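>>> I'll drop the sequence and a predicted model, then ask my questions.
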Amino acid sequence: MIAPALFAVFAAIAVVSALSVILHRNPVTSALFLVVTFCSLAGIYLVLHAEFIGMVQVIVYAGAIMVLFLFVIMYLNLGRDIETGVQIALRRGVGWLMGIALLAAGVALFRHPWVAGPAAPPGPPMGNTQAIGLLLYSRYLFPFEVTSMLLLVAMVGVVVIAKGRRAPGPAADLPPGTAPGAPSQEDA
Amino acid sequence: MIPLSWSLALSAVLFVIGVIGVLVRRNALVIFMSIELMLNAANLAFVAFSRDMQSLDGQVFVFFVMAVAAAEVAVGLAIIVNMFRLRETVFVDEINLLKG
């Protein structure tokens, strides 16, 4: 009976923040709302008893992928966020308040005398993560290996693409006409 | 126990939001985020069906989708960075190289 309520709360957060992703003008704000969406989806996965997927969602999506997004947004310097002084002061104040609240929570947690709980019961014969791991290494072994190949190819491709054509090195022996940005000369 | 229809409805709503984002936004980065939103909607449907059918195969598929999404984001962001170097913009309606 608590699971449907949790599901409804997480679903509402996910929908509202997904709408904010596509409605906000500032891409940094969009990216941060996307993190909220991913985290609430992770909560939904937990409610649906997909614990491993929920944790991987937080680590891979909300962690790695969104850090990449934010890095590129800030690298391209797209944040046209003209802030007035009052807003900055307000944000700093809220930031300090949240930081102090977090510190107080941590201090309260450490001051609380914790005792070891009762020993965990033997539990179910297999957890979610163990079951997925067994499945990955038995029935889905070949797709799993192909995934590693895919990641390797993507890594090499990203290095080649992002290096740019003006970089001196082995890429400089291409004739100028075949360089990947040649059409821009015609358009200019 | 969550009804299957709830999860599927949420998945559909998230997917539609992603589609709208791809259609109405001009910023290539936000379009990319909307694509991620659609991938996540598909993942949610996978997990919901996996829960409904008491089978873990759907969750394994979600694992693969996440690996592909990570690779796709890396390549796509590299393309966007390269595009920005060429044209000094990430607005997709100003990038019309293929129009000739």
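Right, received. Where do you want to start? Owing to the predicted nature of the structure, the values given are computational and were not obtained by experimental measurement. Numbers count the residues shown, from 1 in each chain, chains lettered A, B, ... in the order given.
>>> residues in contact with the helix or strand in which B:Gly21 is found?
For B:Gly21, the host element (DSSP states H and E) is helix B:4-24. Contacts with helix B:4-24, where a contact means Cβ atoms under 8 Å, 6 or more residues apart in numbering or on different chains, come from A:4, A:7, A:11, A:14-15, A:18-19, A:21-22, A:37, A:44, A:48, B:30-31, B:33-38, B:40-42, B:44-45, B:47-49, B:51-52. The way it works is simple: take the backbone N, C-alpha and C, and place the C-beta from them, glycine included.
>>> repeat for stretch A:68-75
Counting by Cβ under 8 Å, 6+ apart, A:27-28, A:31, A:34, A:79, B:29, B:32-33, B:73-74, B:77, B:80-81 sit against stretch A:68-75.
>>> Now that stretch: buried residues?
A:Leu68, A:Phe69, A:Leu70, A:Val72, A:Ile73 (16 or more other Cβ atoms under 10 Å in any protein chain shown).
>>> Now render those residues as JSON lines, adding pLDDT and distance to B:Asp57.
Below are the buried residues of stretch A:68-75 laid out as JSON lines (pLDDT from 0 to 100; distance: Cβ to Cβ, whole Å):
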{"residue": "A:Leu68", "pLDDT": "91", "distance to B:Asp57": "29"}
{"residue": "A:Phe69", "pLDDT": "91", "distance to B:Asp57": "30"}
{"residue": "A:Leu70", "pLDDT": "90", "distance to B:Asp57": "33"}
{"residue": "A:Val72", "pLDDT": "89", "distance to B:Asp57": "34"}
{"residue": "A:Ile73", "pLDDT": "87", "distance to B:Asp57": "36"}
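>>> Pass me the low-pLDDT residue ranges in chain A, would you?
A:78-87, A:120-125, A:164-188 (pLDDT under 70).
>>> so where's the longest helix in it?
helix A:85-111 (DSSP state H).
>>> repeat for chain B
Longest helix in chain B, counting by DSSP H: helix B:57-87.
>>> Okay, domains of chain A per the record?
A:1-79, A:83-110, A:127-166 (automatic domain parsing).
>>> Would you tell me which one of the ones you listed is buried the most?
Each of these was scored by mean neighbour count; the highest is domain A:1-79, a mean of 19, by mean count of other Cβ atoms under 10 Å in any protein chain shown.
>>> coming back round to it: pick out the most distant pair among the contacts of stretch A:68-75.
Greatest spatial distance among those (Cβ to Cβ): A:Gly79 and B:Ala74, at 21.6 Å.
>>> So which elements touch the helix or strand hosting A:Thr147?
Per DSSP H and E, A:Thr147 falls inside helix A:141-163. Judged by 3 or more Cβ pairs under 8 Å, 6 or more residues apart in numbering or on different chains; DSSP states H and E, helix A:141-163 is in contact with helix B:57-87.
>>> From the chain's centroid, how far away is the helix it packs on?
On the basis of Cα atoms, centre = their mean, to the nearest Å, helix B:57-87 sits 9 Å off its chain's mean C-alpha point.
>>> picking up where we left off before, closest one to chain B out of the buried residues of stretch A:68-75, please.
Set against chain B, the nearest of the buried residues of stretch A:68-75 by Cβ to the nearest Cβ is A:Val72 (4.7 Å).
>>> how far is the strand or helix carrying the closest one from where the chain is centred?
Assigned by DSSP H and E, A:Val72 belongs to helix A:66-75. Counting by Cα atoms, centre = their mean, helix A:66-75 is centred 11 Å from the centre of its parent chain.
>>> Alright, I will stop here.
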